[in-house]
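K.L.:
One predicted model, sequence on top.
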Amino acid sequence: MSLVQPTSTPTPAPKAQAEAASPDEHATFKGRRLPWLFLAPTLIVLAIFSYYPAVRTLRLSVFRANIIIGNEQFVGLQNFAELLSSPVYHQVLLQTLIFVVLVVVFGLLFALGLAWLASKPITGAKFYRLMLIYPYALSPAIAGTLWLFLFNPEIGAVNSLLDSLIGVKPRWLDTPFLAFGLVVVAAIWKGLGYNVVFYLAALQNVPAEITEAAEIDGATAWQGFWRVVFPLLSPMTFFLAFTNIVAALFDSFGLVNILTRGGPVYGETGITTFLIYQLYEDGFRNFKTGAAASQAVLMLLLVICIIVLQFRYGNRKVHYGA
């Protein structure tokens, strides 16, 4: 009597079992038209409000045009040559550079200090954090109106207080350097909430063991912050520096337009006339469409350079202080 051994069914490999048990994680569309159908609304909006205006601006930058008369004359790169050789534009460029540096440096320093204080376990911490974030929720126009009422030379609350205390009423909006400083402080205040939110999140992610080890080693609170905590925040600081540069370049328009309208006059032009406001002046007040378009192209190139720098150096590792 022969003994027939039953043939055993081979056990599938674990990988095959996993593939059979789990659905396909890399699902694809069955046709090529369906993804484009989903993307169509976004592409249409971008084409109308972003791509088409950008192409029109590039075209206008090589024309001398006036939207009131409706004439155009091709001038090639003459708009750029006149712009880069203009003393007015040189002053505007220098003022913008000083403004951006002051807003970014002091804005980040104040935000870091406030975020450090707000990260401490104190009574009412949530309320304080909410109040610190509140200015960022305001539009630039509303923020500018608030500062205009506060620093109005005649009826402003600040001048009323100064007059009652020391008997002086500065002309904040008529004196060149006072007006420039006022716009700088207003821009720092406007962006404070944005910076505080990011710094606060970064500080809360710093491991407590690191700061405790620094205290055990005898580091003071000041040394522990600048030698231990601050280097850990360098990626966030790098990110905020670039976002604040872009914000100072473009979001300053609302504050300037409400507070000073580019003035008062100092040198060749107004002391608070920055790049974005000069573009507005040439394009919508003086109707120099070609000059305004060339300024827009130069600002676009500036932003592209900033983005390239951010992507190139933003992912580098943190370097700790000695």
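P.N.:
Perfect, I can see it now.
K.L.:
Ala65 in helix, strand or coil?
P.N.:
When classified by DSSP: H, G, I helix; E, B strand; the rest coil, Ala65 comes out as strand.
K.L.:
Tell me which residues touch it, please.
P.N.:
For Ala65, the contacting residues are 71-73, 289-290, by C-beta atoms under 8 Å, 6 or more residues apart in numbering. Where you see a C-beta, it was placed from the backbone N, CA and C, and this is true even at glycine.
K.L.:
make it 7 Å
P.N.:
By C-beta atoms under 7 Å, 6 or more residues apart in numbering, the residues touching Ala65 are 71-72, 289-290.
K.L.:
got it, and Tyr128?
P.N.:
Tyr128 sits in contact with Ala118, where contact means C-beta under 7 Å, 6+ apart.
K.L.:
Go ahead and list the helix or strand containing it.
P.N.:
Following DSSP states H and E, one finds Tyr128 within helix 125-137.
K.L.:
Now do the buried residues in the helix or strand just after that helix.
P.N.:
Per DSSP H and E, the first helix or strand lying C-terminal to helix 125-137 is helix 140-150. For helix 140-150, the buried set under the neighbour-count rule, 16 or more other C-beta atoms under 10 Å, comprises 140, 143-148, 150.
K.L.:
again, but for stretch 254-264
P.N.:
Buried residues in stretch 254-264 (16+ other C-beta under 10 Å): 254-260, 262-264.
K.L.:
quick one: which of those is nearest to Glu154?
P.N.:
Nearest to Glu154 among the buried residues of stretch 254-264: Leu259, at 15.2 Å, using C-beta to C-beta.
K.L.:
Just the pLDDT for that closest one.
P.N.:
According to the prediction, Leu259 has pLDDT 93.
K.L.:
cool, Gln17 as well?
P.N.:
At Gln17, pLDDT is 50.
K.L.:
circling back to that earlier point, least confident of the buried residues of helix 140-150?
P.N.:
Lowest pLDDT among the buried residues of helix 140-150: Pro140, 87.
K.L.:
can you pull the buried residues of the biggest helix by length in the chain?
P.N.:
The helix spanning the most residues in the chain, taking DSSP state H as the definition, is helix 87-118. For helix 87-118, the neighbour count (16+ other C-beta under 10 Å) marks 89, 91-93, 95-96, 99-100, 102-104, 107-108, 110-112, 114-116, 118 as buried.
K.L.:
can you give me how far that helix is from the chain middle?
P.N.:
12 Å (C-alpha atoms, centre = their mean, to the nearest Å).
K.L.:
what's that helix packed up against?
P.N.:
Contacts defined by 3 or more C-beta pairs under 7 Å, 6 or more residues apart in numbering; DSSP states H and E place helix 87-118 against helix 125-137, helix 176-204, helix 234-250, strand 269-270, helix 275-280.
K.L.:
Is it possible to get JSON lines of those that adds distance to Ser164 and mean pLDDT?
P.N.:
Shown next, in JSON lines, are the helices and strands packed on helix 87-118 (distance: least, C-beta to C-beta, whole Å; pLDDT from 0 to 100):
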{"stretch": "helix 125-137", "distance to Ser164": "26", "mean pLDDT": "80"}
{"stretch": "helix 176-204", "distance to Ser164": "20", "mean pLDDT": "93"}
{"stretch": "helix 234-250", "distance to Ser164": "34", "mean pLDDT": "91"}
{"stretch": "strand 269-270", "distance to Ser164": "31", "mean pLDDT": "92"}
{"stretch": "helix 275-280", "distance to Ser164": "35", "mean pLDDT": "94"}
